[in-house]
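> The sequence and its predicted three-dimensional model are supplied below.
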Amino acid sequence: MLASLVAQAAQLPFDKPIIDFHALAPEIVLVSLMSLVLLVDVFKLEEGRRFIPPLTGIAMLASIIPLISLALDGADRSMFGGAYVVDNLALVLKAMFLLSGYVVTLLASNYLAEGDFWESEFYLMMLSSILGMVVMSSSRDLITIFVALELLSIPAYLMASWEKRNLRSNEAGLKYYLMGVFASALMLYGMSLLFGVSGSTLLTDIGAAISGGDSSTPIVTLGIVLVIVGFGFKVSAVPFHSWAPDTYEGAPTPVTAFLAVASKAAGFVALIQLVFIGFLGRADVVEPMMWVLAAASMTVGNLIALRQTNVVRLLAYSGVAQAGFMLAPFAVVGTNAEDALTAVVTYVLIYASMNLAAFAVVIAVSRKTQSGEVSSFGGLFGYAPGLAVAMTIALAALAGIPPLGGWFAKFVVFRALVAADSAAGYTLALVVAVNSVIAFYYYGMVLKAMWFSDAPDGDTSPIRVPVSLVSALTLTVAATILFGMFPGLIGHFTGNLQGLLAAAGG
């Protein structure tokens, strides 16, 4: 009987999935080297721990090599029936995640080594999370997106509570975990509704199925809203931002940098895939919701940041406001999809460099002051002028002051909104302009302390900055300056993203 069933099964037509190993090379390299890090940790134990941080950095950089070869090849590659696509957008985003992970490795290597919680598992979790982000960049299917989201989120929950003897770190991890699980539940429910309407998990099929209005419009609307709300938690958009300040303050500072940059960017990558491929035909649902989220995030984030006295909490609320700027182009996807896509990707790339630069300075200064208060930056220019200049560049860029990278990020957002030539676009552009001015004040508080205030307790002893931190600062500050002075440099990477819109039929 069993032999007969096997024989019948062997005669059934079976299409083997076509696997392009060149397209999967970045993921293969990353997984292989992650396995090597695990083996070194298992077999070398304490003796091998000093090799873990450099191996982690090598894993990030080595994974970029196949990205370069794919970029030189120039062909878009699609696998698994269109569920996994490697195109120009995916390559740019994967490179950003890998480079951001490398910078965080530089920030963490010395920071963790000085504590009593230095454990190699931290780097394995960060590699796992980066792998989820890399997979997210190519995901064009609801299942793939969810698997990538969980792969990047679960290690991040543990990383946030890494300081096991610190109650604030435990609180940070718990809040992040509980809010993340709640967001995932909402998102999954929304995805199930979209699958029920379209009969497919492919974003292209969902986009085709929900583009026209029919009797299932309320279900489609609810599904889109729930999915966007789920990712609203991930990008800390108002009113889903309540976890961010406490988590950022309680987590180890390198983990905070990782969550504020790489994890937030991953949420925006998922929104890009969903909105510009799956939901583009339902701009009537997406645009009003994104308008409200963007305006609320910018305004609430900036106003609460004005009251902060802790630099990390200030940067947390700054991140909420920055999320609003990045959400703004989504509010005009129906009328100006091409400029909106370019604006979001450009802002995400520039935000990564300038925010990592700010956190690198915070880590360097806290080595001496053991504090994250704004007052602890008093007189920084007098005894650490290099750090003061680096922080000035990072904060000025976040404020959008030319010729640093932030001005170009805000410019492309403003251009996308105005080019939509709609009342909603013009109004949101005005909100962007007003909030850009408000942000000057709280960034200025930190600048004032560094340049014009006295050092706390009169301590002007110099700060010893490790080579790893110097390298991280050099990379991020240089990128922030170059993106602002030579905007064509980043335009080279973001100027050919029409493949994504073509997939959506846009």
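Structure received.

> I'd like the C-alpha coordinates of the helix or strand hosting residue 482 written as PDB, please.
Take DSSP states H and E as the rule and residue 482 turns out to sit in helix 467-485. Extracted as PDB, the C-alpha positions of helix 467-485 are listed here (Å, rounded to 0.1, in the frame of the first residue of the first chain):
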ATOM      1  CA  VAL A 467      40.000  52.900  18.300                       C
ATOM      2  CA  SER A 468      36.600  51.200  17.600                       C
ATOM      3  CA  LEU A 469      34.700  54.300  18.700                       C
ATOM      4  CA  VAL A 470      37.000  56.600  16.600                       C
ATOM      5  CA  SER A 471      36.400  54.300  13.600                       C
ATOM      6  CA  ALA A 472      32.600  54.400  14.100                       C
ATOM      7  CA  LEU A 473      32.600  58.200  14.400                       C
ATOM      8  CA  THR A 474      34.800  58.600  11.400                       C
ATOM      9  CA  LEU A 475      32.600  56.500   9.200                       C
ATOM     10  CA  THR A 476      29.300  58.100  10.300                       C
ATOM     11  CA  VAL A 477      30.400  61.700  10.400                       C
ATOM     12  CA  ALA A 478      32.100  61.400   7.000                       C
ATOM     13  CA  ALA A 479      28.900  59.900   5.500                       C
ATOM     14  CA  THR A 480      26.800  62.600   7.100                       C
ATOM     15  CA  ILE A 481      29.000  65.300   5.600                       C
ATOM     16  CA  LEU A 482      29.300  63.700   2.200                       C
ATOM     17  CA  PHE A 483      25.600  63.100   1.800                       C
ATOM     18  CA  GLY A 484      25.000  66.800   2.500                       C
ATOM     19  CA  MET A 485      27.700  68.300   0.400                       C
END
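
> From the contact counts, what lies against that helix?
helix 88-113, helix 337-369, helix 385-399, helix 405-419, helix 487-494 (3 or more C-beta pairs under 8 Å, 6 or more residues apart in numbering; DSSP states H and E). In short, each C-beta sits where N, CA and C put it, glycine included.

> which one of these lies closest to residue 453?
helix 385-399 (11.4 Å; C-beta to C-beta).

> Buried residues in the closest one, which are they?
Buried residues in helix 385-399, counting neighbours by 16 or more other C-beta atoms under 10 Å, are found at 386-399.

> Including pLDDT and distance to residue 94, could those go into CSV?
Below are the buried residues of helix 385-399 laid out as CSV (pLDDT from 0 to 100; distance: C-beta to C-beta, whole Å):
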residue, pLDDT, distance to residue 94
386, 89, 32
387, 89, 31
388, 90, 34
389, 92, 31
390, 92, 27
391, 92, 29
392, 93, 31
393, 93, 26
394, 92, 24
395, 92, 28
396, 92, 29
397, 92, 24
398, 91, 24
399, 89, 29
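
> Which pair of the residues you listed spans the longest distance?
Largest separation among the buried residues of helix 385-399 by C-beta to C-beta: 386 and 399, giving 20.5 Å.

> Distance from the helix holding residue 482 to the middle of the chain?
Centroid displacement of helix 467-485 relative to its chain, using C-alpha atoms, centre = their mean, to the nearest Å, is 18 Å.

> I'd like the numbering to begin with 47 instead of 1 from here.
Sounds good: first residue 47 from here, last item helix 513-531.

> before we move on, back to that, residue 239: which of the buried residues of helix 431-445 is nearest?
residue 444 (37.5 Å).

> show me what contacts that closest one?
Residue 444 makes contact with 364, 368, 400, 401, 404, 452, 485, 489, according to C-beta atoms under 8 Å, 6 or more residues apart in numbering.

> Distance check, the third one against residue 307.
As defined by C-beta to C-beta, to the nearest Å, residue 400 lies at a distance of 10 Å from residue 307.

> Same check on the first one?
When distances are taken as C-beta to C-beta, residue 364 and residue 307 turn out to be 12 Å apart.

> hang on, the earlier thing: so can I have JSON lines of the helices and strands packed on helix 513-531 showing distance to residue 81?
Output for these, formatted as JSON lines (distance: least, C-beta to C-beta, whole Å):
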{"stretch": "helix 134-159", "distance to residue 81": "17"}
{"stretch": "helix 383-415", "distance to residue 81": "27"}
{"stretch": "helix 431-445", "distance to residue 81": "35"}
{"stretch": "helix 451-465", "distance to residue 81": "36"}
{"stretch": "helix 533-540", "distance to residue 81": "30"}
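
> which stretch in the ones you listed is the model least sure about?
With a mean of 71, helix 533-540 has the lowest mean pLDDT of the helices and strands packed on helix 513-531.

> if we can go back for a sec, the contacts of residue 444, buried ones only, as a PyMOL selection?
If you want just the buried ones from these in PyMOL, going by 16+ other C-beta under 10 Å, the selection is:
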select buried, resi 364+368+400+401+404+452+485+489
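
> does residue 255 sit in a helix or strand, and which one?
Here residue 255, judged by DSSP H and E, is contained in helix 249-256.

> What average pLDDT does that helix get?
In this model, helix 249-256 has an average pLDDT of 88.

> repeat for stretch 343-363
For stretch 343-363, mean pLDDT rounds to 91.

> residues of that stretch that come out buried?
343-348, 350-351, 354, 356-363.

> taking those one by one, which sit in helices?
Using DSSP state H, the members of the buried residues of stretch 343-363 that fall in helices are 343-348, 350-351, 357-363.

> Setting aside sequence neighbours, what's the nearest residue to residue 407?
Counting by C-beta to C-beta, 6 or more residues apart in numbering, residue 437 is the residue found nearest to residue 407 once chain neighbours are left out, at 4.2 Å.

> State the distance from the one you found to residue 494.
Taken as C-beta to C-beta, the span from residue 437 to residue 494 is 12 Å.

> repeat for residue 140
39 Å.

> ok, those two, which is more surrounded?
Set side by side, residue 140 and residue 494 show more neighbours around residue 140, with 27 against 13, by other C-beta atoms under 10 Å.

> That one contacts residue 75, correct?
No. Residue 140 is beyond contact range of residue 75, at 11.4 Å (criterion: C-beta atoms under 8 Å).

> Name the residues contacting each of the two.
The contact sets of residue 140 and residue 75 overlap at residue 109 (C-beta under 8 Å, 6+ apart).

> And the lowest mean pLDDT element among the helices and strands of this structure?
helix 48-57 (a mean of 50; mean pLDDT, DSSP states H and E).

> ok and the very next helix or strand once past it relative to helix 134-159, angle-wise?
Using DSSP H and E, the helix or strand that directly follows helix 48-57 along the chain is helix 71-94. Relative orientation of helix 71-94 versus helix 134-159 (axes from the mean of the first three to the mean of the last three C-alpha atoms, to 10 degrees): 10 degrees.

> Other residues contacting helix 71-94?
Helix 71-94 is contacted by residues 67, 95, 97-98, 101-102, 104-106, 108-113, 115-116, 140, 144, 166-167, 169-170, 173-174, 176-177, 180-181 when judged by C-beta under 8 Å, 6+ apart.

> This completes my enquiry, with thanks.
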